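1. Turn this into a model:
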Amino acid sequence: MSDLASEQAKAATAKPLGLYVHVPFCASTCDFCAFYQTKPTAEGVERFLAGIESEAALVEWTRPVTTVFWGGGTPGLLSPRDLGRLAELVHRRCGGAPAEWTVELAPASVTPQRLAALRAAGVTRVSMGIQSFQPALLDALGRQHTREQVYAAYDLLQAADFPSVNLDLMFALPGQTEAEWAADIREAVRLAPDHLSTYCLTFEEDTALWIKLSQGRVKLDPELEARLYESTWAQLAGAGYAQYEVSNFSRPGHECRHNLNTWHMEEWIGLGPSAASQSHGWRGANVADLDRWQADVSRGERVTEDRVALTPSLLAEDALIFGLRMNAGVDVAEWKHRCPRAPWAGVEELLGRLVADGLATRQGERVQLTNRGRLLADSVGAEVMEAFRPLVPA
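-> Predicted structure coming up:
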C-alpha cells in the first residue's frame with residue numbers, strides 16, 4: 001500500500017474530529033438571536049483573524065480534522081480575501097481536506113466573489129438562513145434581508161455548484177398562521193435544496209423577542225407549535241426529505257456530518273470568541289467578547305468559560321439527551337459499556353416509563369422516540385438529566 005493510500009485508510013477509521021470557527025460579525029442583531037456578535041470594522045476583522053491564528057497554535061492537533069463548520073454571526077460578512085485567509089488556516093490545521101466543510105451565509109451577504117472564494121477553498125456545504133419567505137414575518141424577526149434577496153442568493157448558490165446546500169426556516173413566529181408556514185415549506189421544497197433545517201422559535205433571554213414576551217406583546221402557543229411540528233414532518237416526508245433529527249431533514253447522503261459527530265459526543269475544537277470545544281478531556285467555551293478573547297489568547301489561554309472535565313458519566317448523559325433527538329435513537333448498551341458506573345437503574349426506569357407512555361420504542365438496547373416523544377424532546381432531555389443526578393463519580 002502506498003503512503004498516500006495508507007494515510008487515507010487511517011483517516012477513514014480514525015475517530016471524527018470537528019473544527020468550529022465562530023465568526024462574530026453581524027451588521028445588525030435579529031430579534032431572536034442570542035449568539036455572540038459584534039459589528040464589523042476593518043480593525044476588528046484584522047484582530048479576529050490574527051486571534052484565530054494564535055488560538056489555533058495553542059491547540060494540540062492530535063489527528064486530522066474531518067469536519068469544519070463556520071458559524072456566527074455572519075461569516076459571509078468577511079471579504080473574499082479574508083475568507084481566503086481564514087481558509088488557509090483551516091488547510092494548515094486539518095491535515096488535508098476535511099470530508100465536510102460548512103459555512104453559514106445570510107442571503108444579503110451572498111455574492112459571486114464570496115462564493116468563488118469559498119469554492120476555491122474547498123467548502124462543500126453552505127447553510128443559508130432564510131427563516132421565512134413572508135416579508136411581514138421577516139420584518140417581525142428583525143431580519144435584514146428581503147424575499148427577493150433570498151431568491152437571488154439561492155440562484156447564485158446553485159450556479160456555484162456546491163455539493164450540498166441547506167436552508168434554515170423558522171416556525172411559531174409572532175403572528176404566523178398555519179397556512180403561512182405550510183406555504184413556506186412548499187416554497188422551500190420547490191427550490192429543492194439538499195437539506196432543510198426547521199426550527200421552532202425559542203425565546204432566548206436578553207433578546208428583543210424575550211423582552212416582548214415578558215411584556216406580553218407576544219405569546220406562546222404550545223398547541224399551535226405541536227401542530228406546526230407535525231405538519232412539517234408530514235410535508236417534508238412527502239417531498240422526499242428524511243428526518244434524521246427533530247429539526248433536520250435531508251436528501252440521502254446530505255445529513256450534516258459535523259452536527260452528527262457533535263450529537264454523538266465526538267470531539268471538536270472551537271476557535272473564536274464564544275466558541276465551544278469538547279476535546280482533550282475537557283468541555284468549555286471561549287469568553288463571548290472579542291477583546292477579552294484576544295487577551296486570553298495572547299496569554300496562552302483558551303476554553304476558560306464553563307470548563308468541566310469530560311467524565312464518562314457526563315458523556316453518557318449527553319449522548320442520551322442528543323441521541324434521543326435523532327430518529328436513529330441511541331444504543332444504551334454502548335454507553336453502559338463505556339460508563340458502567342453511571343446510575344443506570346434510574347435511567348432504565350425512565351426509559352421504561354417513556355416506552356409505557358408511548359413516547360419511545362425499544363428494540364433490544366436501542367431506544368428511539370416516537371413522533372409524540374419527539375414533540376416533547378426537550379422535556380425528555382430534562383428527565384434524562386434528572387435521572388443522572390446525583391452522578392456516581394466516573
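2. Pull the distance from stretch 175-194 to the chain's centre.
-> With C-alpha atoms, centre = their mean, to the nearest Å as the basis, stretch 175-194 stands 21 Å off its chain's centre.
3. Give me the pLDDT value at the most centrally placed residue in the chain.
-> The centroid of the chain falls nearest to Asn259 when counting by C-alpha atoms, centre = their mean (5.7 Å). Note on Asn259: pLDDT of 97.
4. where does it land in three-state SS?
-> The three-state label given to Asn259 by DSSP: H, G, I helix; E, B strand; the rest coil is helix.
5. Quick check: it touching Ser247?
-> No: applying C-beta atoms under 8 Å as the test, Asn259 and Ser247 come out as separate, 10.1 Å apart. The way it works is simple: take the backbone N, C-alpha and C, and place the C-beta from them, glycine included.
6. where do the strands sit along the stretch 101-250 of the chain?
-> 125-131, 164-171, 195-200, 242-245, 248-250 (DSSP state E, counting those that start in this stretch).
7. contact partners of the longest one?
-> Going back to what we said before, that points to strand 164-171. 32, 102, 124-132, 141, 154, 157-158, 181, 184-185, 188, 191, 193-201, 225, 228, 232, 254, 256 (C-beta atoms under 8 Å, 6 or more residues apart in numbering).
8. Can you flag the buried ones in those residues?
-> 32, 102, 124-132, 141, 154, 157, 181, 184-185, 188, 191, 193-201, 228, 232, 254, 256 (16 or more other C-beta atoms under 10 Å).
9. What is the burial count for Trp282?
-> Neighbour count for Trp282, taken as other C-beta atoms under 10 Å: 12.
10. On the three-state scheme, Gln278 is what?
-> Quick answer, by three-state DSSP: Gln278 is strand.
11. which residues touch it?
-> Gln278 touches 262, 265-268, 310, counting by C-beta under 8 Å, 6+ apart.
12. Which ones among these lie within strands?
-> 267-268 (DSSP state E).
13. quick one: which of the contacts of Gln278 has the most company?
-> Among the contacts of Gln278, the one with the most neighbours (other C-beta under 10 Å) is Trp268, at 23 neighbours.
14. gap between it and Ala345?
-> According to C-beta to C-beta, to the nearest Å, Trp268 stands 32 Å off from Ala345.
15. Tell me the pLDDT of the closest residue to Gly76 other than its chain neighbours.
-> The shortest distance from Gly76 to any non-neighbouring residue, by C-beta to C-beta, 6 or more residues apart in numbering, is to Ser109 (3.3 Å). pLDDT for Ser109: 90.
16. Tell me how many other residues crowd Ser109.
-> For Ser109, the tally of surrounding residues (other C-beta under 10 Å) stands at 21.
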